[in-house]
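# Quick one, fold the following:
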Amino acid sequence: MIHRKRSAHPSTRRGAYDDFHEWVRSLPWVVERPYSLGTPGVRSFGVECEPLGRRQLWLVTGLQAELESDGVGVALIVPEEAAQELEAANCGRSVAPMPAGHVMVSVYGDVDRAHLEYLVLTAYGYAMS
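A predicted model of the protein is given here:
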């Protein structure tokens with residue numbers, strides 16, 4: 001079950017997100033993929049794990065400014081059931097259906113770094129399974 005956790009005051013959070021993309025790229029088998037829609041600031045990440053035969057887009061950042069996590073704007077790509085859990089926990093909202101029974105979910109911007117990492121690692125786990 002995914003739980004909602006509110007963050008600290010916004011003025012104390014900004015520095016906590018400065019290395020977010022570096023942290024994401026440090027995860028095993030994560031690659032940054034080019035995003036070609038001509039949208040400045042949008043970045044997408046996938047897993048490419050040849051030993052497990054996995055190649056999956058699972059994270060997009062820089063979308064939907066009104067839902068940004070301090071400028072990160074995180075959207076996760078998760079199975080439909082996980083998307084429903086994220087919505088039920090008030091962590092985000094579904095924004096687009098994706099192939100293979102997955103959904104893109106925008107994460108609400110008022111989560112702290114630890115909770116954002118938890119949500120991102122949850123999506124990463126789905127991408128690797």
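# drop to CA atoms for contacts and neighbour counts, all remaining ones
Will do.
# low-confidence ranges in this protein?
Across the chain, the ranges flagged by pLDDT under 70 are 1-16, 35-38, 64-72.
# let's go with 80 and repeat that
The chain contains residues with pLDDT under 80 at 1-17, 34-40, 63-72, 110.
# show me the biggest helix of it in terms of residues.
Counting residues, the longest helix found in the chain (DSSP state H) is helix 113-128.
# for that one, packing partners?
Packing partners of helix 113-128 (3 or more Cα pairs under 8 Å, 6 or more residues apart in numbering; DSSP states H and E): strand 43-49, strand 54-61, strand 75-79.
# please redo it, this time with the cut-off set to 10 Å
Judged by 3 or more Cα pairs under 10 Å, 6 or more residues apart in numbering; DSSP states H and E, helix 113-128 is in contact with helix 20-25, strand 43-49, strand 54-61, strand 75-79, helix 80-88, strand 102-107.
# If you count neighbours, what's buried in the first one?
Okay, so that is helix 20-25. Buried residues in helix 20-25, counted by 16 or more other Cα atoms under 10 Å: Val24.
# what's next to that helix, contact-wise?
For helix 20-25, the external contacting residues (Cα atoms under 10 Å, 6 or more residues apart in numbering) are 17, 26, 30-32, 43, 45-46, 59, 61, 72, 113, 116-117, 120-121, 124.
# Show me just the buried residues among these.
Among these, those buried by neighbour count (16+ other Cα under 10 Å) are 17, 30-32, 43, 45-46, 59, 61, 72, 113, 116, 120, 124.
# Verify the stated contact: Gly46 with Val31.
Yes: the pair Gly46 / Val31 is scored as a contact, 5.5 Å apart, by Cα atoms under 10 Å.
# Overlap in contacts, those two.
With contacts taken as Cα under 10 Å, 6+ apart, Gly46 and Val31 have 25, 55, 57 as neighbours in common.
# what's across from the last one in the sheet?
When assigned by DSSP bridges, Leu57 has beta-bridge partners Gly46.
# If anything else comes up later, I'll come back, but that's it for now.
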